[in-house]
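Trainee: This is the structure alone, sequence omitted:
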DNA sequence: TCGCTAAAGCTACATGTGTAGCGGTAGCAT
DNA sequence: ATGCTACCGCTACACATGTAGCTTTAGCGA
């Protein structure tokens, strides 16, 4: 994570024989641009986020931003890379139900409080870079969360052979559906309710 | 449904005292534009859909299209209105599980086969009109589907007091999540698997 | 420290998206 | 059939988005 080159599909230097320059200036440009993008996003929302605004805020020339990030989606993808703490671990609270509640509260917070997540979802419909970054992020998170299910099986809470991914999708998808697609009125108890339903379902062997 | 005026927030004629003209020419313009939009969408995909392209295809002047529909989202919202068959009824196949399977197969087909649905979802992040139309569409469909749950309760399949909306969201949200947000590889058995899980969960009282 | 060149700055241009205002056409009431 | 005006066509403009090609700056290896 946190690679200095956001446009990831470039061939390796060892292949091209060329030398990259991640040092001083490039790094400074990247930091200034990502800072500006995040600040703009937090202060004025996704709709206000354009390459030109970010360029002006950061003092970096607009053509430079276009060259390195290509579009707003690319910018957001890199912001996510920068922000994603690689040390993230799924909650381990002692029971499947409370683990799922904790996960869902994180998801809920991200979807109602963190502008980056929602902005990246919106951007993913227009930018391949944003879509790819989001997919990678979610794949990583769901993979890590399989531990929750494994532990629940070990404790004998739910049947062996439970499909971890199906369970986790069932636990989280309703939140995304309600908040992102249906845009329902916010309900603070939604994360808990959905988590409890899913835990009950899992105990009944619904994901075997 | 199928109102001749897509931009819905206008005051009623009885309030303004002005007389609308839904007749001949306006109706023809609307039909030609919506036809062109749908054809373009089917033939060349959402990314190719712009007001200018639709205007050219339809032979209607671009400023007219801008005036009446404002943006691509407005266009899609009206296409949805036109296409939504008001007579739609939820499946009634004799059991909760098979009803949910049938619903999910419809959702799956819409998300993998019908470009209008996916396009409208994408547009809903950029256009208030698209977002509003989509919300209205889904609200209507979920409302009608409560019949499925009511019948299941009547048959004694699931506990009385089961929350219909929560059940229906649980049954459908994973499809949207996988296909729209995660963009997973298509799996023809997904609708059935999710429906069965949800039916099992409902029987175990997960949505009480 | 000095040469090479990756990467940033800059100007100019091309295209896409959306609006303002005016004049013309045709739906509808009389 | 005739007048009123809703609605469409048209030109002209404003601004946003993105690219091409060149010049300048500065990172890095020798």
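Mentor: Sure, I can see it. What you see is a predicted model; the values in this text were computed from it and never measured. Numbers count the residues shown, from 1 in each chain, chains lettered A, B, ... in the order given.
Trainee: Spatially nearest residue to residue A:133, not counting backbone neighbours?
Mentor: residue A:77 (3.5 Å; C-beta to C-beta, 6 or more residues apart in numbering or on different chains). In short, each C-beta sits where N, CA and C put it, glycine included.
Trainee: so which helix or strand takes in that neighbour?
Mentor: When elements are assigned from DSSP states H and E, residue A:77 belongs to helix A:72-83.
Trainee: Run through who's touching the next helix or strand after that helix.
Mentor: Remark: after helix A:72-83, the chain's next helix or strand is helix A:96-112, criterion DSSP H and E. Helix A:96-112 is contacted from outside by A:90-93, A:117-118, A:145, A:148-149, A:151-152, A:155, A:157-158, A:168, A:171-172, A:175-176, A:179-180, A:186, A:190-192, A:194-196, A:198-199, A:202-203, using C-beta atoms under 8 Å, 6 or more residues apart in numbering or on different chains.
Trainee: Could I get the phi/psi values of residue A:156?
Mentor: According to degrees, to the nearest 10, the main-chain angles of residue A:156 amount to phi 80, psi 20.
Trainee: and it, what pLDDT?
Mentor: Reading off the per-residue confidence, residue A:156 sits at a pLDDT of 97.
Trainee: Repeat that for residue A:99.
Mentor: Reading off the confidence values, residue A:99 has pLDDT 98.
Trainee: go on, the one 3 residues further on?
Mentor: The predicted structure scores residue A:102 at 98 on the pLDDT scale.
Trainee: right, and the helix or strand after the longest helix that chain A contains?
Mentor: As assigned by DSSP state H, the longest helix anywhere in chain A is helix A:128-154. With elements assigned by DSSP H and E, the helix or strand that comes after helix A:128-154 is helix A:164-176.
Trainee: So which bits of chain A are right by chain B?
Mentor: Those residues of chain A that sit near chain B, judged by C-beta under 8 Å from any C-beta of the partner chain, are A:121-122, A:124-126, A:131, A:134-135, A:138, A:166, A:169-170, A:172-174, A:176-178, A:180-183, A:193-194, A:196-198, A:200-201, A:203-207.
Trainee: thinking again about what came up before, check whether the helix holding residue A:77 comes near DNA strand D.
Mentor: Yes. Using C-beta under 7 Å from any atom of the strand, helix A:72-83 reaches DNA strand D at residue A:72.
Trainee: between that helix and helix A:128-154, what angle do the directions make?
Mentor: Regarding helix A:72-83 and helix A:128-154, their directions subtend 40 degrees when assessed with axes from the mean of the first three to the mean of the last three C-alpha atoms, to 10 degrees.
Trainee: In helix A:72-83, which residues are buried?
Mentor: Across helix A:72-83, burial judged by 16 or more other C-beta atoms under 10 Å in any protein chain shown covers A:72-82.
Trainee: which residues touch that helix?
Mentor: Defining contact as C-beta under 8 Å, 6+ apart, one finds that helix A:72-83 is touched by A:1-3, A:6-7, A:30, A:33-34, A:37-38, A:41, A:49-51, A:54, A:65, A:69, A:116, A:119-120, A:123-124, A:126-134, A:137.
Trainee: I'd guessed residue A:33 sits against residue A:54; true?
Mentor: Yes. With contacts counted by C-beta atoms under 8 Å, residue A:33 reaches residue A:54, the gap being 6.2 Å.
Trainee: shared neighbours, these two?
Mentor: With contacts defined as C-beta under 8 Å, 6+ apart, the residues shared by residue A:33 and residue A:54 are A:65, A:75.
Trainee: ok, the residue nearest the centre of chain A to residue A:77 distance?
Mentor: Among the residues of chain A, the smallest C-alpha distance to the mean C-alpha position (C-alpha atoms, centre = their mean) belongs to residue A:137, namely 4.8 Å. The gap separating residue A:137 from residue A:77 is 9 Å, by C-beta to C-beta, to the nearest Å.
Trainee: So residue A:36 versus DNA strand C, what's the distance?
Mentor: When distance is defined by C-beta to the nearest atom of the strand, to the nearest Å, residue A:36 is 12 Å away from DNA strand C.
Trainee: Hmm, the residue nearest to the centre of chain A is touching residue A:84, no?
Mentor: Yes. Contact criterion C-beta under 8 Å: residue A:137 and residue A:84 qualify, at 6.3 Å.
Trainee: what number of residues lie near residue A:196?
Mentor: Residue crowding around residue A:196 was assessed by other C-beta atoms under 10 Å in any protein chain shown; the count is 18.
Trainee: For it, which non-adjacent residue is closest in space?
Mentor: With sequence-adjacent residues excluded and distances taken as C-beta to C-beta, 6+ apart, residue A:196 is closest to residue A:97, at 6.1 Å.
Trainee: before we move on, what about residue A:90?
Mentor: Setting aside the residues directly before and after it, residue A:90 is nearest to residue A:145 in space (C-beta to C-beta, 6+ apart), at 4.7 Å.
Trainee: From chain B, how far off is that neighbour?
Mentor: When C-beta to the nearest C-beta, to the nearest Å is the yardstick, residue A:145 and chain B sit 14 Å from each other.
Trainee: neighbours of that residue, just the number please.
Mentor: Counted with other C-beta under 10 Å, the burial measure for residue A:145 works out to 22 neighbours.
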